[in-house]
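Undergrad: My questions are about this predicted structure, shown below with the sequence.
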Amino acid sequence: MNDMRGGQRGGDAVLSEAEVAARVDALISRMSLAEKVGQLCQIGGVSFAEGPKPEEIIRQGGAGSVLWLNDAKQFNALQRIAVEESPSRIPLLFALDVIHGYRTIFPVPLAMASSWDPSVAERAQAVAAKEARAAGLHWTFGPMLDIARDARWGRIVEGSGEDPYLGAAMAAAQVRGFQGPHLGAPDHVVACAKHFAGYGAADGGRDYDPVFLSEAQLRNVYFPPFRSALEAGVGTFMSAYMDLNNVPASGNAFLLRDTLRTEWGFQGFVVSDAFAVGSLVTQGFARDGSDAALRALKAGVDMDMASNTYAQHLAKLVREDKLSIADIDAAVRPILAVKVRMGLFEHPYADEAKLEKVATLAEHRREARIAAHRSMVLLKNEGGVLPLPKTVKNLAVIGPLADSKEATEGSWMVFGHKPAAVTILEGVRAKLPGVNVAYAPGPEIRREVPSMFEDFFPETKRPAQSPQDAEAAYNAAIAVARAADTVIMVLGENADMAGEAASRDSLDLPGRQQELLAEVVALGKRVVLVLLNGRPLGITWAAQHVPAILEAWEPGTEGGNAVADILFGDVNPGGKLPVTFPRKASHAPLYYARTLTHQPEDNPRYRSRYWEGLTTPLYPFGFGLSYTTFTIEKLKLSSSKIQVGSSLSVTAQVTNTGKVSGDEVVQLYIHQRSGSDSRPLRELKGFERVSLNPGETRTVAFTLGPDELGYWSASAGRWLQDPAAFDVWIGSDSRAALHGELDVVS
Ligand code: BGC
C-alpha cells in the first residue's frame, strides 16, 4: 500500500486519510459530470494549437491542472479564474518539469546517481522543490526512474543508470527530496514517478520506439525504482509513451491497473505523458479519439496531459453507458485528494515576490557545488597527473564546451530558464587568480538533425558556424595548445545532444573533437580531459592516450567551480559510474548484470562476442578512481549457511592506504549459482560511500535477506527464493574480487 503520508491543512496539522476522503466526497457530491471531466484534463498554459484559450477553459471548469507555464503572475491570474469564476471553484495544480533544479541547477540525474550517495539527490531535489514552490509550482514531473542500459538512448541522462538497486535508492531519495516528510509539506512539491514503465529499453536505443520486455525483466529490473518511489509515498505516476509488448504504456491495463493499483496499492493519480492519450490513435491502438479516451481511462490513466481527448470524449462515453460515473469518480478522487493534501484550497495563490528571495540563497549554491563534487567520476589518472598544482604556468583551456553555460547546466532546462552556470573556463580562472589562462573553443559542435526544443524555444537557435570559421577556430585552438604546457580539454556533448528525442547512433565525440584532442595530445603537452556529457561516450582512444580523464557529466550551476576544485586538488573525487561505458555504440546495450552463457567469461577464446575486438566494457559499472588508494579486505559472512527467508550480515574492512582523505564506495554483489531461473552473473545488493582519512579503516556492513536473495521467476511465474549456492563479492566496482560463499537451504 502506498499511503501518501497524510497531508497538510494549509500549513498546519497533517490531515488524516479520513479527513481527506471526507473533503473529497463533499467536493464530488456537488460537481457536475463536466466539472469532473475537467479535473481529469491537464492543459498547456500556452496553447500550441488553435482552440479556446486556457483562461476560457478554466473558467468553464475544464481543467484540473496546467503545465508548460512558468510565471507566478500568470499562475495567480489563472488560479483566480479557477477559484473565483469556475463552477466548482477548485484550485488548479501547476506542474512543470523540474528535473535537476529550478533556478539553482544541480548535476543531471545520471550524474547525481554517480555520487552513489542518495542524500545528494535528496538534498538537491529539496532545493529544487523549494525554489519551484516559491515560483508558484505545485507538482514536478520527476523523478525519472527509467532503467537505461543502452547509451544511445538520449534519455539515459534523466535517470539513475542501468541498475535496479541503485535506481531504487535514488528514486526514494528524490521522492523524499521533492515531497518532504509528507505530501503538502511547506516548501515542497508533489513528485511524479515517470515513465511507467520500460521506456528505457526502446529498440535500438531510439527514443519512443517499441519495447519488448518479459514480465521477469520488468519485475526484476525495470519496476524496482518505481516500487521504491511508491513506498516512499510518491503522489503521482506518469505513464510512458511507447508500446510495451504491443500495448502502448498509456493504454496498458497490466501496468497501470493490475500492477500499480491492484497489486501495489497505489493511491495517488496517474497522468499520461504529453499527448499520449491522443497518441493511442496515432500508435495504431485506438480506433479514434473516443476509443482512446475509453481505453486510457479504463487502463488507469486518470489525467490526460494536453491531448484534449478526455475533454472531448469522456462525458459522451458516460452518456453512452460505456463508462460509469463511478469510473469517472475513481479518477477524480485521487486528483482532488492531492489538491486537498497540498493545502491548495487554503492557499491557492503564489507569493509573487518569494522566488527571488529563495533562489538567491547562498546555501542553494553551496549544495549545488557539493552535489557536483560528489557526482564527478575520475576515470583515469596515469602517473598522478591530477591534481594539477595551483602553481601551474602556461595553462590553456580548450574545447567547444569549456565556456558553455548550456552544456554545464545540461539537458532539461526548466521552461524559460536562462543558463547561468559557472563554466569550466570561469571556474579554472577563478581558482587561479593572477594566472593567465589561455582559452580557445575550437570548432563548434551541433546536432545534424535539430532538436525538437528549437521549435519550442526559437531563441535557442544559433546560426551554424561557416566551414571557414570552423577551420579558423580549429587552427586557433591548436595554436593556443602549442603555446601551453598544460591543456585542459573540455569535450563532450551539447545539452541538446542528450535528453528527449536525442538518441544517437554513435557514441563518438561529436564534430571534430576527437581530431582536435588527438592533435593536442600529439603536441606532447600535459593533457587533462574533462567530459561534459549526458551519456557514456565511446572514448576508447582517449582512454588509451590521454593521461587523465574526469567525467564531469552535466554538473549544473556550480559545475565550473566544482571541476576546478577537483582538478586543483581542493576536492578529491569519489563518484562511481552508474552505467557501463561501452567501447563503442555498436556494443550497446551493454550492462554488467547479464546472465552467464555456456561459454565461461574467463575462456579467452570467447571473451569477445565480436571478432573485431574486445566487447568488455571500457569502464565497468561502479568504477571510479580517487586521488588516494583504498584496500577492501576481510570479507566476513555472519553465517555461511542460512535458510530461505532468513538473513545474514556481510562485512568487510575498507582502509584509506594513500596520503589524502577520500571517499570509497564499497559495493556488494551476489550471484546465485543455480535455481529455478538463470540469474545475473552479478547483481548489486548493497553499497555505502565512506569518507576516510589517510590510514583510517572502517568496517562496512550489509544485510542479505529474502529481499536481496529472492526474485521474480520466469519459470515459476511468481516471486520466489531458491535454496541455492551464492557467490558474494565486496569491492570498489562491479569487478570486485574479494569473494565469499553462501549456502541458502530450504
Ligand atoms: C516527456 C515527459 C515530460 C512531459 C511534460 C514529455 O515530452 O516525455 O518526460 O514530463 O513531456 O513536459
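TA: Cool, the structure landed.

Undergrad: Next one: the residue of the stretch 351-500 of the chain at minimum distance from the ligand from Ala293, what distance?
TA: Closest contact between the stretch 351-500 of the chain and the ligand, by C-beta to the nearest ligand atom, is at Glu500 (5.4 Å). For glycine as for every other residue, the C-beta is placed from the backbone atoms N, C-alpha and C. Remark: distance between Glu500 and Ala293 (C-beta to C-beta, to the nearest Å) = 25 Å.

Undergrad: In terms of neighbours, single out the busier of those two.
TA: Ala293 (31 against 19; other C-beta atoms under 10 Å).

Undergrad: for the residue of the chain found nearest the ligand, phi and psi?
TA: Taking C-beta to the nearest ligand atom, the ligand has its nearest neighbour within the chain at Phe141, 3.4 Å off. Backbone torsions for Phe141, taken as degrees, to the nearest 10, come to phi -90, psi 70.

Undergrad: Find the nearest non-adjacent residue to the residue of the stretch 351-500 of the chain closest to the ligand, please.
TA: Arg155 (5.9 Å; C-beta to C-beta, 6 or more residues apart in numbering).

Undergrad: Give the burial count for that neighbour, as a bare number.
TA: By the criterion of other C-beta under 10 Å, Arg155 has 27 neighbours.

Undergrad: cool, and Phe285?
TA: Neighbours of Phe285 under the rule other C-beta under 10 Å: 19.

Undergrad: how much space between it and Arg295?
TA: 8 Å.

Undergrad: Would you confirm that Val221 contacts Ile147?
TA: Yes. At 5.7 Å, Val221 counts as touching Ile147 under the criterion of C-beta atoms under 8 Å.

Undergrad: Looking at those two, which is more packed in?
TA: Legend: neighbour count by other C-beta under 10 Å for Val221 and Ile147, higher for Ile147 (28 against 25).

Undergrad: which SS state does the more buried one fall under?
TA: coil (DSSP: H, G, I helix; E, B strand; the rest coil).

Undergrad: Where do the helices of the stretch 51-200 of the chain begin and end?
TA: 54-59, 72-80, 109-114, 118-134, 164-179 (DSSP state H, counting those that start in this stretch).

Undergrad: Can you name the residues of this protein sitting close to the ligand?
TA: Asp97, Phe141, Lys194, Asp273, Ala274, Glu500 (C-beta under 6 Å from any ligand atom).

Undergrad: which one of those has the most neighbours?
TA: Busiest of the residues of the chain next to the ligand [other C-beta under 10 Å] is Lys194, holding 25 neighbours.

Undergrad: what kind of secondary structure is the closest residue to that residue other than its chain neighbours in?
TA: Nearest residue to Lys194, sequence neighbours excluded (C-beta to C-beta, 6+ apart): Met238, at 3.6 Å. Following three-state DSSP, the label given to Met238 is strand.

Undergrad: Output the contacting helices and strands for the lowest-mean-pLDDT helix or strand in the chain.
TA: Least confident helix or strand, the chain: helix 453-456 with a mean of 80, by mean pLDDT, DSSP states H and E. Using 3 or more C-beta pairs under 8 Å, 6 or more residues apart in numbering; DSSP states H and E as the contact definition, helix 453-456 packs against no other helix or strand.

Undergrad: Just give me how far the helix or strand that that helix is followed by sits from the chain centre.
TA: Downstream of helix 453-456, the first helix or strand assigned by DSSP states H and E is helix 467-482. Averaging C-alpha positions (C-alpha atoms, centre = their mean, to the nearest Å) puts helix 467-482 36 Å from its chain's average.

Undergrad: Thanks a lot, see you next time.
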